[in-house]
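Enquirer: With the sequence up front, the predicted model follows.
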Amino acid sequence: MHYGGQWNDHFLTKEQMDNGIGNTDVVGVIVTYNRLALLKETVGAVMGQTHPLRKTIIIDNHSTDGTAEYLASIGGNKAIETVRLATNTGGAGGFAEGIRRAALCSPGSGLYSLPSRIWRVMADATVPAPDAVERMVPFMGCSGVGFLNSKVVWTDGSLHLMNLPGRIDDEARRKATLERLGLVEGCGAEPIEGASFVSLFVRGSLPREIGLPYKEFFIWSDDAEYTERITRHGYAGLLVEGSVATHKTAENYAASIDTVPAAAAWKLYYGERNQSFMRRERKGALAFFFSQLNALRLHARKIRRRKLPKDEERKLLAACRKGLLAGFTFRPRVEYID
């Protein structure tokens with residue numbers, strides 16, 4: 001499988017280039033909580049893009065580390081809108097609010113018109129390359145594309161395990177998707193089925209069409225659910241490898257039972273609960289019940305195979321069980337924009 005490592009814009013038609021560059025109107029969304037130093041780095045990287053954004057919306061999840069004062073100091077910039085939430089709503093709540101505001105951010109009509117894009121950056125740990133937006137531009141005008149995703153790397157340049165896109169394994173379906181989008185092999189973009197919220201571009205009409213991400217998810221799997229929802233509505237996703245963002249987490253680990261550290265057990269609870277909800281939406285009641293029992297058995301086995309200290313093992317097992325149990329009654333609602 002070939003991925004265009006270079007920006008091969010000559011593989012796109014003139015019409016596609018014109019549609020992409022001529023009509024893009026990108027609004028950025030940054031969500032932060034108590035990571036002031038990284039927030040400043042991210043804001044600098046976003047404001048320094050070679051393809052300028054019309055506006056950047058920064059959602060502060062009620063930080064207590066001086067973030068409010070910093071945002072107040074840059075609030076006079078007309079290209080920046082700052083919002084301080086009354087409580088910490090997690091990444092999911094912050095992105096839902098940011099996307100809602102971005103979807104209403106359009107000249108004149110107040111509507112977010114096609115083919116505008118909302119660029120979501122997990123602000124307090126993500127630094128996009130200077131040309132991250134510019135590399136996306138040629139693909140923004142592709143009809144049928146619902147989201148675009150940058151290649152996300154860790155601080156050492158390796159792929160970030162938390163942000164690996166959902167690749168299409170079926171070669172025939174992958175090629176058919178490229179053909180449907182009017183793209184060719186080696187164009188610099190690869191069809192995908194899911195992606196994380198780290199440097200994700202979303203078609204501007206989608207928040208009205210399919211609703212906002214589930215704010216009740218709080219953290220983990222909100223991105224998987226939302227991009228899955230986009231593809232269920234008939235849109236395709238594209239990974240644009242020429243567009244790169246660095247996710248500056250302390251460790252390079254995936255949001256999974258296999259690698260999550262015990263210190264992040266509280267995040268595992270939300271991940272298991274949210275994934276359980278997604279399974280329940282796809283399965284009948286009886287099938288879901290047995291899938292939960294099976295997940296508990298498999299997850300417990302995976303945790304024990306990691307040979308962690310007993311106290312760490314207990315933390316992860318407890319979070320896993322609690323999340324799976326909560327999945328039986330967790331019922332978030334899709335919020336639409338009026």
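Expert: Noted; the coordinates are in hand. Numbers count the residues shown, from 1 in each chain.
Enquirer: Name the nearest residue to the spatially most central residue of the chain, sequence neighbours excluded.
Expert: The centre of the chain sits closest to F197, judged by C-alpha atoms, centre = their mean, with a distance of 1.1 Å. Excluding the flanking residues, the one nearest F197 by C-beta to C-beta, 6 or more residues apart in numbering is D223, at 4.0 Å. No exception for glycine: its C-beta is placed from N, CA and C like everyone else's.
Enquirer: re earlier: just to be sure, the residue nearest to the centre of the chain is in a strand?
Expert: No - counting by DSSP: H, G, I helix; E, B strand; the rest coil, F197 is not part of a strand but coil.
Enquirer: what residues are up against the residue nearest to F197?
Expert: Shown in contact with D223 (C-beta atoms under 8 Å, 6 or more residues apart in numbering): G194, A195, S196, F197, L200, P213.
Enquirer: was I right about the fifth one contacting K151?
Expert: No - look at L200 against K151 with C-beta atoms under 8 Å: they stay out of range, at 11.9 Å.
Enquirer: Between these two, which has more neighbouring residues?
Expert: Legend: neighbour count by other C-beta atoms under 10 Å for L200 and K151, higher for L200 (27 against 23).
Enquirer: Determine the longest strand present in this structure.
Expert: Criterion DSSP state E: the longest strand present in the chain is strand 236-247.
Enquirer: packing partners for that strand?
Expert: strand 126-128, helix 132-136, strand 145-153, strand 189-194, helix 222-232 (3 or more C-beta pairs under 8 Å, 6 or more residues apart in numbering; DSSP states H and E).
Enquirer: what's the closest of these to L238?
Expert: strand 189-194 (4.2 Å; C-beta to C-beta).
Enquirer: roughly how far out does that closest one sit from the chain middle?
Expert: 13 Å (C-alpha atoms, centre = their mean, to the nearest Å).
Enquirer: any idea of the angle it forms with helix 222-232?
Expert: 110 degrees (axes from the mean of the first three to the mean of the last three C-alpha atoms, to 10 degrees).
Enquirer: Quickly run through the sheet partners of strand 189-194, with directions.
Expert: Here strand 189-194 has these sheet partners by DSSP bridges: strand 166-167 (antiparallel), strand 236-247 (antiparallel).
Enquirer: Can you pull out the low-pLDDT segments for the chain?
Expert: Scanning the chain for pLDDT under 70 picks out 1-24, 106-117, 119-123.
Enquirer: And the strands in it?
Expert: 26-32, 55-60, 80-84, 117-121, 126-128, 145-153, 166-167, 189-194, 200-203, 236-247.
Enquirer: Point out the most buried one among the strands paired with strand 189-194.
Expert: strand 236-247 (a mean of 23; mean count of other C-beta atoms under 10 Å).
Enquirer: Tell me what angle that one forms with strand 145-153.
Expert: 30 degrees.
Enquirer: how is this structure carved up into domains?
Expert: Using automatic domain parsing, the domains assigned to the chain come out as 9-247, 262-326.
Enquirer: For Y336, find the nearest of those domains.
Expert: Of all these, domain 9-247 comes closest under C-beta to C-beta, at 4.8 Å.
Enquirer: What is the burial count for A72?
Expert: If you count neighbours by other C-beta under 10 Å, A72 ends up with 11.
Enquirer: Quick check: nearest residue in space to it, chain neighbours excluded?
Expert: Nearest residue to A72 in three dimensions, chain neighbours excluded: T82, at 7.5 Å (C-beta to C-beta, 6+ apart).
Enquirer: Next one: that neighbour from K302, what distance?
Expert: As judged by C-beta to C-beta, to the nearest Å, T82 and K302 stand 41 Å apart.
Enquirer: Looking at those two, which has the bigger crowd around it?
Expert: Each of T82 and K302 has its neighbours counted (other C-beta under 10 Å); T82 has more, 19 against 15.
Enquirer: and that one, what are its bridge partners?
Expert: According to DSSP bridges, beta-bridge pairing links T82 with I58.
Enquirer: from memory it sits against G75, does it?
Expert: Yes - at 5.2 Å, T82 and G75 qualify as touching, with contact defined as C-beta under 8 Å.
Enquirer: For M136, which residues are in contact?
Expert: Going by C-beta under 8 Å, 6+ apart, M136 touches R117, L148, S150, F201, V240, S243.
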